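Peer 1: sequence plus the predicted model coming up.
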Amino acid sequence: MERQTKGPSLRTRWLAVGTIGLIFVATQSLASWRDSHALLINSSESLPNWAFFIEKNKTPERGDYVFFKLVPTKITRAHWGDDVPAFGKVVYGLPGDLVSRKGSTVFVNGKPVATLKSKSKRGEILVPGPTGVIPRDHFFLATSHKDGFDSRYADIGFVSRRQIIGTGDPIL
């Protein structure tokens, strides 16, 4: 007489179907989250944190950490080649704010935000960035770090909204 083997119980089948459904929902949610968020590791010494969650498509506000793609220039190519990494800075100036300079101090709406250097740590000549009213859809991004390479210099200047990847929340 042949012995028939019993298949998985109804409970086991429903548990498997439920697990597969949960995995499907989780991966769909993760894919949706990934479309609007990212994790960025900061390799610069100009920001105090080394890891950030990036929220894409959020309008930057004053004081936010913002991550953006640089427009390649002679200086950026010398440091990173044509594959310039994303930069992270802090929003100091919004569209309509006034950027001015007195000596080596850069001001936004009359408040000092950064100090210019004449040369980079590698000895490259640094040209001061733009002054005047920040145009629509542009931002003045900087850091308080003395060696920050940011909107205070012409190679970065006012950063266009099109360059911005997203705003960041520090995690470490």
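Peer 2: Thanks, I have the structure now.

Peer 1: tell me how far Arg161 lies from Lys102.
Peer 2: The gap separating Arg161 from Lys102 is 28 Å, by C-beta to C-beta, to the nearest Å. C-beta coordinates here come from the backbone N, C-alpha and C atoms, glycine included.

Peer 1: of those two, which one has the most company?
Peer 2: The neighbour comparison of Arg161 against Lys102 (other C-beta atoms under 10 Å) goes to Arg161, with 13 against 8.

Peer 1: pull the contacting residues for the more buried one.
Peer 2: Arg161 sits next to 137-139 when contact means C-beta atoms under 8 Å, 6 or more residues apart in numbering.

Peer 1: and if you look at Ile165?
Peer 2: By C-beta under 8 Å, 6+ apart, the contact list for Ile165 reads 38, 54, 56, 67-69, 86.

Peer 1: for it, report the pLDDT, please.
Peer 2: Looking at Ile165, its pLDDT reads 88.

Peer 1: before we move on, what about Phe68?
Peer 2: At Phe68, pLDDT is 88.

Peer 1: can you check Leu22 too?
Peer 2: At Leu22, the pLDDT recorded in the model is 52.

Peer 1: then Phe87?
Peer 2: According to the prediction, Phe87 has pLDDT 81.

Peer 1: what would the contacts of Ile165 look like in TSV with secondary structure and neighbour count?
Peer 2: What follows is the contacts of Ile165, written out as TSV (DSSP: H, G, I helix; E, B strand; the rest coil; neighbours: other C-beta atoms under 10 Å):
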residue	secondary structure	neighbour count
Ala38	strand	17
Ile54	strand	20
Lys56	strand	14
Phe67	strand	25
Phe68	strand	21
Lys69	strand	15
Ala86	strand	17
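
Peer 1: on the three-state scheme, Thr76 is what?
Peer 2: Classification of Thr76 using DSSP: H, G, I helix; E, B strand; the rest coil returns helix.

Peer 1: and stretch 154-164, end to end?
Peer 2: End-to-end distance for stretch 154-164: 17 Å, by C-alpha to C-alpha, to the nearest Å.

Peer 1: which parts of it are buried?
Peer 2: Using 16 or more other C-beta atoms under 10 Å as the test for burial, stretch 154-164 gives 155-159, 163-164.

Peer 1: cool, stretch 86-94 as well?
Peer 2: 86-94.

Peer 1: which outside residues touch it?
Peer 2: With C-beta under 8 Å, 6+ apart as the test, stretch 86-94 has contacts from 40, 42, 44, 46-47, 52, 60-70, 99, 108-109, 113-114, 134, 139-144, 148-151, 156, 158-159, 165, 168.
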